[in-house]
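Colleague: Give me a model of this one.
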Amino acid sequence: MKKIIAATALAMMTAAPAVAELVIPDLSYRTGPFAAGGIPFSDGYQDYFTLLNERDGGIGGVPVRVLECETGYNTEKGVECYEATKGEGALVYQPLSTGITYQLIPKASADGIPIHSMGYGRTSAANGKVFEWVFNYPGSYWDAASIMVTHAKDVSDGSLEGKKIALLYHNSAYGKEPIRTLEELSKLEGYELTLIPVDSPGQEQKSQWLQIRRERPDFVFFWGWGVMNQVAVQEAANIRFPMENFIGVWWSGAEPDVLPAGDGANGYKSTNFTAVGRDFPIFDDIQKFVVDAGKAAGDGTSLGQVQYNRGMYAAMLASEAIATAQKIHGVADITPAQMRDGMEALELTPARLEELGMPNFGPTFAVSCENHGGPGKALVQQWDASAQKWEAITDFISSNRDVIMPLIMEDSAAYAAENSISERCN
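Modeller: Here you go, the predicted structure:
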């Protein structure tokens, strides 16, 4: 099912096989400082498609072929992977990197291949009127920032007036994404915002945490990834920052981020747009048809972990869009353009999640021509160091779309003007 491709092997690519198949690239990173998150995500992504092949014979009777290409979370290598795999009939790209996503948006749009930047990438791609080929459901970084503010407000007796919030962020396109939203929300909620960048890969943060200790913010919001996460959690513990007031975005809250700090990580929080743990029927099938059958992408130990669940969820969304496209067009071996149609007509209901063995695993939503961003909901989870597991401490919280939508419209309109794009969905 899986074919691994080196990003530099462009000249070695062959034409797509004649046999019907659904080709899904996996732009993975199993090496480098971001591998701790990349490995379990890729394992979950691939294992779900393996499950569909082994249990169901594929999707609509057509097997899935996953093309794994190592990017190392490097933008240039990510673009090379795209060029290396697109000719094999790739149906959709999930770049798993904001930097790679930004570079692929114009390329994939010109090539007619959809992108699903699930919870990352360019937030204004939620406006389907401008970004025909890009989707970021079920939520964006601006949604996450708003939800973090809402949670901070909820635990502050309903007001952030006069509070101090520091944003500790990866000094890249990824880390800078929430700044505008947090600035706008500060005007509404009355908190003071301090911006504290950390250069990649983020292994050195002493000066940043000395600043935090000196300025004593009420909350630290965190936009980290990879090794940067575990360093930040350890540094927070070192200065005895109240961990319940240290809140990460969904890419900053997984097991590898907190386990190295031991008891010091207890109480740390992050957002998440999927459920935690493996107490769902889907995992019984993955264990039986994938892990026990010796077909797992990894060693089978990461089932139920945050990033594994997220990769599995991403694959589920892709497979549901494929099934939707097959139904719309009346063909099983769909094209990338038909895949785009399936993504734009995707509807995820409570009943469907139940059928998939994933009840309440994520927010329910319906995509539309106008809305490629989904509902913008996430829960807040908290690390229990004694039990060594994440616990969801809230229901799914809605973002403040009254603040976010004007920002999305403004940014997408600017992109449309720069690139001579006419709005659709009329």
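Colleague: Enumerate every residue touching Thr274.
Modeller: Listed by C-beta atoms under 8 Å, 6 or more residues apart in numbering, the contact set of Thr274 reads 306, 309-310, 313, 361-362. C-betas here are computed from N, CA, C, even on glycine.
Colleague: same deal with Ala275?
Modeller: For Ala275, the contact set (C-beta under 8 Å, 6+ apart) comprises 309, 360-362, 392.
Colleague: Let me know the closest of those to Leu67.
Modeller: Using C-beta to C-beta, Asn309 comes nearest to Leu67 of the contacts of Ala275, at 22.6 Å.
Colleague: a strand runs through Trp383, doesn't it?
Modeller: Yes - judged by DSSP: H, G, I helix; E, B strand; the rest coil, Trp383 forms part of a strand.
Colleague: Can you verify my assumption that it contacts Trp390?
Modeller: Yes - look at Trp383 against Trp390 with C-beta atoms under 8 Å: they come within range, at 5.9 Å.
Colleague: shared neighbours, the two?
Modeller: Contacts common to Trp383 and Trp390, judged by C-beta under 8 Å, 6+ apart, are Gly253.
Colleague: what about Ala414, neighbour count?
Modeller: 12 (other C-beta atoms under 10 Å).
Colleague: Please report how far it lies from Ala315.
Modeller: 33 Å (C-beta to C-beta, to the nearest Å).
Colleague: likewise Ala36?
Modeller: 20 Å.
Colleague: follow-up on the earlier one: and of the contacts of Ala275, the nearest to Gly374?
Modeller: When the contacts of Ala275 are compared for distance to Gly374 (C-beta to C-beta), Gly362 wins out at 9.5 Å.
Colleague: the helices in this protein, which residues?
Modeller: Applying DSSP state H to the chain gives helices spanning 35-56, 75-85, 98-111, 141-154, 173-176, 179-189, 206-215, 227-238, 255-258, 281-286, 306-329, 336-344, 350-355, 401-418.
Colleague: what does the fifth one contact?
Modeller: Outside helix 173-176, the residues that touch it by C-beta under 8 Å, 6+ apart are 97-99, 102, 120, 169, 197-198, 223-225, 251.
Colleague: most neighbours, which of those residues?
Modeller: With neighbours taken as other C-beta under 10 Å, the top of the contacts of helix 173-176 is Trp251, carrying 30 neighbours.
Colleague: That residue contacts Met228, doesn't it?
Modeller: No - Trp251 is beyond contact range of Met228, at 10.0 Å (criterion: C-beta under 8 Å).
Colleague: From the contacts of Thr274, list just the buried residues.
Modeller: Buried members of the contacts of Thr274, counted by 16 or more other C-beta atoms under 10 Å: 306, 309-310, 313, 361-362.
Colleague: hmm, back to that, which of Ala36 and Ala315 has more neighbours?
Modeller: Ala315 (24 against 21).
Colleague: Name the nearest residue to that one, ignoring sequence neighbours.
Modeller: Of all residues not flanking Ala315 in the chain, Tyr48 sits nearest, at 3.6 Å (C-beta to C-beta, 6 or more residues apart in numbering).
Colleague: List the contacts of the one you found.
Modeller: 286, 311-312, 315-316, 319 are the contacts of Tyr48 under C-beta under 8 Å, 6+ apart.
Colleague: any chance of these in JSON lines, plus distance to Asn400 and pLDDT?
Modeller: Below are these laid out as JSON lines (distance: C-beta to C-beta, whole Å; pLDDT from 0 to 100):
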{"residue": "Ile286", "distance to Asn400": "36", "pLDDT": "98"}
{"residue": "Gly311", "distance to Asn400": "28", "pLDDT": "98"}
{"residue": "Met312", "distance to Asn400": "29", "pLDDT": "98"}
{"residue": "Ala315", "distance to Asn400": "30", "pLDDT": "98"}
{"residue": "Met316", "distance to Asn400": "28", "pLDDT": "98"}
{"residue": "Ser319", "distance to Asn400": "32", "pLDDT": "98"}
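Colleague: Many thanks, I have nothing further to ask.
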